[in-house]
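1. Sequence and predicted structure, then a few things I'm wondering about:
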Amino acid sequence: MRVHPAPKRRSLPVAAGGGIGGAWRQKKLRRLPHIFSKVLELPLGSDAEVVVQESPTSFRFTASTEEAWDEVRAHAIEIHPGVMKVVVRDVGDDDPLAGEEGLDELELDRWRFRLPPCTRPALATADYVGGVLIVTVPKGGVDLDDRVDDGGLGIGNDDLGIGRLVFVQ
């Protein structure tokens, strides 16, 4: 059995008296954009009640709002290579941040959802009907209906080589 010695220096120094105050050395938190590559951001507070419905073809986000919007639009923004963020904004005439120029601002109190890798955020749509915000993010991938009938050779089974074996005498 191998025993490893304890490290001489710990990453968090313990203060005399055990107080948490200013004695703890603060480490800066770094953002890790590679962990979640697709995020949906709604123009609602982080404590808003949003209904998330998943179907085989899409994710649907529904939230009732007190604000009155004329028209909303979903913008897909690539914030880092391979990292996509979907931002829903009001595109009304009186909104100074309605266009692309307001999308780069960081707003902390926003409702966010980490989208799975199978989604296609570039095709997201947003609608505002009767006080209800509806955002639809389609899923990608291969549908079962789109598979090719290969006559039992196993070519259309995701290249697993699984097919029908027929014995002929």
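-> Alright, I've got the coordinates. Numbers count the residues shown, from 1 in each chain.
2. low pLDDT regions in the protein?
-> For the chain, the stretches with pLDDT under 70 are 1-35, 93-107, 141-167, 169.
3. Let me see the ranges of the strands in it.
-> Per DSSP state E, the chain carries strands over the ranges 38-42, 51-54, 58-64, 72-80, 83-90, 111-114, 125-129, 132-138.
4. Dump the ones you listed into a markdown table; add distance to V168 and mean neighbour count as well.
-> To be clear about C-beta, it is placed using only N, CA and C from the backbone, and glycine gets the same treatment. Converted to a markdown table, the strands of the chain look like this (distance: least, C-beta to C-beta, whole Å; neighbours: other C-beta atoms under 10 Å):
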| stretch | distance to V168 | mean neighbour count |
| --- | --- | --- |
| strand 38-42 | 50 | 21 |
| strand 51-54 | 46 | 11 |
| strand 58-64 | 45 | 17 |
| strand 72-80 | 53 | 16 |
| strand 83-90 | 52 | 21 |
| strand 111-114 | 53 | 15 |
| strand 125-129 | 53 | 16 |
| strand 132-138 | 45 | 19 |
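5. And V87, how far from T65?
-> 16 Å (C-beta to C-beta, to the nearest Å).
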